[in-house]
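> Predicted model follows, preceded by the sequence.
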Amino acid sequence: MLSELDYTKAQLIFFYIIVLLSLDVLNPVKIFLHVFPAISPWHIATLAIGCMAYTFIMNLRPLIYFSTKVFFHSILSIFFNDVQVVGRENIPKYGPVIFTANHANQFMDGLMIMCTCQRTISYLVAEKSWYRPVIGHLAWAMGGVPVKRAQDSAMKGAGSITVAIESADDDVIHVVGKGTKFSTELKVGDKIRFPKSALGIKVASIENDEAMCLKVEDGVLDAIATQPFPDDYVTFDILPRIDQKDVFKNVLEKLASGGTIGIFPEGGSHDRTDLLPLKVGVALIAYSELEKDGINVPIVPVGLNYFRAHRFRGKATVEFGSPTYIEPGTLKDYQKGGADKRRVCNSLLTRIENSMRSVIVSVPDYDTMQVIHAARRLYREDGITQTAEERQDMGRRFAEGYKRMLLSVNGEPPKEWLDLQSRLLAYQKELTALGIRDYQVVGLDYEEAELGDGQSKGETVLHRMNIVGHITHLLFIGMLAALPAMLLNLPVGLASRIYSNRKRKAALAASKVKVKGYDVMLSERVLCSIVLVPTLWVTYAALLFFFTNLDGPALAVCVTSFPLFSYWSIMAAESGMVDVKDLRPYVMKLIPSARRRLTALPATRKALRKDLRKMIRLIGPTLGELYYGKQLDWQKITLETRKMTSSTELESKKDE
């Protein structure tokens with residue numbers, strides 16, 4: 001992006017060139033040709049074209065990146081209603097940077113960061129995606145680095161297995177197979193994966209075809225606890241060991257030259273409400289760069305927070321957090337290798353994870369997410385529009401406060417708390433069933449206060465005029481947008497919707513971590529649209545050329561107008577949808593049963609809001625700075641919450 005001074009310089013240069021081209025006496029080319037009449041204008045033009053071609057070729061990658069970024073900006077403006085950025089000042093302006101982001105919306109995540117960050121970012125891209133049509137070409141244009149992932153090469157292991165842990169302090173887990181072929185299918189360093197688990201467990205040693213040992217690392221015992229061991233045998237997947245030496249070499253060269261790298265440390269996209277366990281690769285890259293070139297690369301967390309992420313015209317907030325750095329004194333332990341290297345890498349990975357949690361709103365499940373969103377909306381003052389930063393801050397306060405309150409009661413909240421939570425969920429479900437939003441309930445309450453119990457003149461005049469105004473605007477917008485929407489957008493919209501839903505089902509069936517597979521839907525819709533939209537325009541252009549009497553200029557005007565009419569119809573349709581949403585409460589009032597439910601909503605909302613604020617006033621002071629603090633260090637707070645969680649889990653295990 002141009003600074004204000006650069007923009008001013010560009011304007012002055014542009015107008016200066018206009019003056020030179022307008023007056024022959026000042027035009028340097030004309031003056032040169034007048035002094036040297038033997039030189040033809042085409043000589044100078046040919047030389048200039050050659051220089052332009054040379055400049056273009058020498059700066060091909062930056063120009064392609066810039067063009068791709070402009071293209072993606074247009075994509076985001078079409079598919080998202082609003083994209084807000086928080087914490088852009090945390091991005092270093094110069095030097096190498098590693099961006100680590102949560103992976104909640106497949107390919108859209110990379111586009112979102114690229115279009116909201118002033119730095120040029122090269123992403124680590126799964127090799128599986130690198131060879132996909134369209135995606136692979138776009139990844140190349142963005143300067144991506146292909147990475148082969150073990151999960152992309154996973155295969156079913158022969159037979160079934162069970163495990164036995166002789167002692168809680170064992171460094172290895174003994175695996176017994178039935179009909180297995182460990183000696184031929186596995187090598188030391190490969191990993192296996194249990195059913196319904198995303199965690200790969202490293203093979204420490206292989207004794208024979210039906211006996212081997214697995215390495216005990218973070219999360220392994222928890223993964224085993226989810227399986228019916230040792231009584232039953234289960235199937236397993238084999239994740240072959242991948243040599244990433246070439247990838248590390250390319251990444252380190254880019255960082256050493258002052259470039260930036262974008263990484264999604266979770267390893268794959270998902271639609272869960274919390275982070276997946278992070279892969280250690282980002283820590284290894286940071287330590288390798290410090291060891292090789294002596295550069296302590298800042299690791300900037302990026303929080304991608306979506307609202308209705310899988311739907312057209314959703315909203316998003318991109319938050320850049322404070323950078324994390326390696327503690328220089330730990331480099332010696334890293335260089336020792338073995339257990340010391342694993343310890344410092346895991347320590348850095350924990351700090352990176354805490355920094356990533358500090359820029360998202362993480363909760364255990366979808367029900368909790370709904371409760372927190374409903375509580376946030378009810379707690380804030382009506383009529384006040386929060387900034388993206390304020391909304392993120394309040395959402396995290398509720399999320400972290402909720403987790404800490406759960407820990408304080410050992411996961412068994414009191415009845416009053418459970419009742420309030422159930423009422424919040426019931427209120428949210430009622431809004432969804434009636435098809436209205438929380439802010440519209442405030443309007444219903446206002447109407448009741450103004451109109452009273454009887455039919456008043458105000459109702460028959462003002463409110464019915466309001467309805468007529470909405471209907472008139474809706475019909476006007478509908479008539480204007482109908483033709484371009486039906487011809488240019490409807491075919492692509494229907495086809496992309498069907499295509500993305502099929503892709504969602506396929507991704508869900510193949511994944512161990514997805515809940516509903518919503519994270520792939522918008523990306524697949526965008527990819528489908530990128531292919532279908534120009535195809536549709538070319539088809540219409542051919543029809544106009546062969547079946548109409550339009551001349552060349554008229555045909556060119558029609559074809560070049562397609563993007564304008566398409567975008568305008570999207571904006572008009574969205575404006576019409578606002579009217580539909582505003583009209584819905586009035587339409588629902590025509591239905592007797594719905595009218596009774598709508599009438600009851602304002603009182604329900606008031607009671608919920610009163611009880612919610614009462615509980616927050618009661619519990620809030622016990623949460624300390626989460627309740628009283630103005631500017632919070634979210635990295636510190638998320639770390640404290642994790643320590644509290646770990647401490648509670650250890651105490652529970654001791655009690656068992």
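The structure has been received and is ready for your questions. Residues are numbered from 1 along each chain as shown.
> Quick check: buried residues in the helix or strand encompassing Leu304?
Assigned by DSSP states H and E, Leu304 belongs to strand 299-307. For strand 299-307, a neighbour-count test (16 or more other Cβ atoms under 10 Å) marks Ile299, Val300, Pro301, Val302, Gly303, Leu304, Asn305, Tyr306 as buried. C-betas here are computed from N, CA, C, even on glycine.
> Count the neighbours of the closest residue to the last one other than its chain neighbours for me.
Leaving aside its chain neighbours, Tyr306 sits nearest to Ala316 (5.1 Å; criterion: Cβ to Cβ, 6 or more residues apart in numbering). Residue neighbour count, defined by other Cβ atoms under 10 Å, stands at 25 for Ala316.
> Would you mind confirming that Ala316 makes contact with Asn81?
No - applying Cβ atoms under 8 Å as the test, Ala316 and Asn81 come out as separate, 9.2 Å apart.
> which residues of the stretch 501-650 of the chain fall in helices?
Assigned by DSSP state H, counting those that start in this stretch, the stretch 501-650 of the chain shows helices spanning 521-547, 552-588, 592-619, 625-628, 634-655.
> So which of those is nearest Ala339?
Ranking those by proximity to Ala339 (Cβ to Cβ) places helix 634-655 first, at 20.2 Å.
> Output the helices of the stretch 501-650 of the chain as JSON lines; include the columns mean neighbour count.
Putting these into JSON lines (neighbours: other Cβ atoms under 10 Å) gives the following:
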{"stretch": "helix 521-547", "mean neighbour count": "16"}
{"stretch": "helix 552-588", "mean neighbour count": "15"}
{"stretch": "helix 592-619", "mean neighbour count": "14"}
{"stretch": "helix 625-628", "mean neighbour count": "14"}
{"stretch": "helix 634-655", "mean neighbour count": "14"}
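> ok, back up a step: which one of the buried residues of strand 299-307 is nearest Gln118?
Of those, the one sitting nearest to Gln118 (Cβ to Cβ) turns out to be Val300, at 12.4 Å.
> quick one, what contacts that closest one?
Asn90, Ile91, Pro92, Val97, Ile98, Phe99, Thr100, Phe320, Gly321, Ser322, Pro323, Thr324 (Cβ atoms under 8 Å, 6 or more residues apart in numbering).
> low-confidence ranges in this protein?
The model of the chain has pLDDT under 70 over residues 1-4, 165-170, 445-483, 575-580, 649-656.
> Strands along that one, start to end?
Under the criterion DSSP state E, the chain contains strands at 80-86, 97-101, 121-126, 145-147, 155-156, 160-164, 172-178, 191-193, 201-208, 211-215, 237-239, 260-263, 299-307, 314-320.
> quick check, distance from the longest one to the centre of its chain.
Per Cα atoms, centre = their mean, to the nearest Å, the displacement of strand 299-307 from the mean C-alpha position of its chain is 7 Å.
> coming back round to it: need the strands of the chain in JSON lines (columns: distance to Arg617).
What follows is these, written out as JSON lines (distance: least, Cβ to Cβ, whole Å):
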{"stretch": "strand 80-86", "distance to Arg617": "28"}
{"stretch": "strand 97-101", "distance to Arg617": "36"}
{"stretch": "strand 121-126", "distance to Arg617": "45"}
{"stretch": "strand 145-147", "distance to Arg617": "50"}
{"stretch": "strand 155-156", "distance to Arg617": "56"}
{"stretch": "strand 160-164", "distance to Arg617": "50"}
{"stretch": "strand 172-178", "distance to Arg617": "49"}
{"stretch": "strand 191-193", "distance to Arg617": "47"}
{"stretch": "strand 201-208", "distance to Arg617": "47"}
{"stretch": "strand 211-215", "distance to Arg617": "50"}
{"stretch": "strand 237-239", "distance to Arg617": "51"}
{"stretch": "strand 260-263", "distance to Arg617": "42"}
{"stretch": "strand 299-307", "distance to Arg617": "28"}
{"stretch": "strand 314-320", "distance to Arg617": "28"}
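> Figure out which of these is closest to Gln631.
Nearest of these (Cβ to Cβ): strand 80-86, 13.6 Å.
> Now do the buried residues in that closest one.
Phe80, Val83, Gln84, Val85, Val86.
> what sits against the fourth one?
Under the criterion of Cβ under 8 Å, 6+ apart, the contact partners of Val85 comprise Thr116, Thr317, Val318, Glu319, Phe320, Ala388.
> how many neighbours does the last one have?
The one in question is Ala388. Using other Cβ under 10 Å, Ala388 has 19 neighbouring residues.
> Same question for Pro41.
10.
> So which bits of stretch 129-139 are buried?
Ser129, Trp130, Ile135, Gly136, Leu138, Ala139.
> Mind putting the residues you listed into TSV with distance to Leu532?
TSV is the format used below for these (distance: Cβ to Cβ, whole Å):
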residue	distance to Leu532
Ser129	20
Trp130	23
Ile135	16
Gly136	19
Leu138	16
Ala139	21
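> Of these, which is the nearest to Thr560?
For the buried residues of stretch 129-139, the nearest to Thr560 is Leu138 (24.1 Å; Cβ to Cβ).
> For Thr120, see how far away that closest one is.
Distance, Leu138 to Thr120, by Cβ to Cβ, to the nearest Å: 15 Å.
> same deal with Ile616?
In terms of Cβ to Cβ, Ile616 sits 44 Å off from Thr120.
> Can you give me the distance of Ile17 to Ala10?
11 Å.
> Also Leu214?
Taking Cβ to Cβ, one finds Leu214 at 61 Å from Ala10.
> For the two, work out which one has more neighbours and name it.
Leu214 (20 against 11).
> Enumerate every residue touching that one.
Each residue near Leu214 by Cβ under 8 Å, 6+ apart is listed here: Val163, Val172, Ile173, Val175, Ile192, Ile201, Lys202, Val203, Ala204, Val220.
> One more: Ser496?
Ser496 touches Glu524, Arg525, Cys528, Ser529, Leu532, counting by Cβ under 8 Å, 6+ apart.
> The third one and Asn90, how far apart?
So the one you mean is Cys528. For Cys528, the distance to Asn90 - Cβ to Cβ - is 35 Å.
> Ok, which of the strands of the chain comes nearest Thr645?
It is, among the strands of the chain and with distance given as Cβ to Cβ, strand 299-307, at 19.5 Å.
> how much does the closest one deviate in direction from strand 80-86?
Following axes from the mean of the first three to the mean of the last three Cα atoms, to 10 degrees, one obtains 150 degrees for the angle between strand 299-307 and strand 80-86.
> That's all I had, so thanks and see you.
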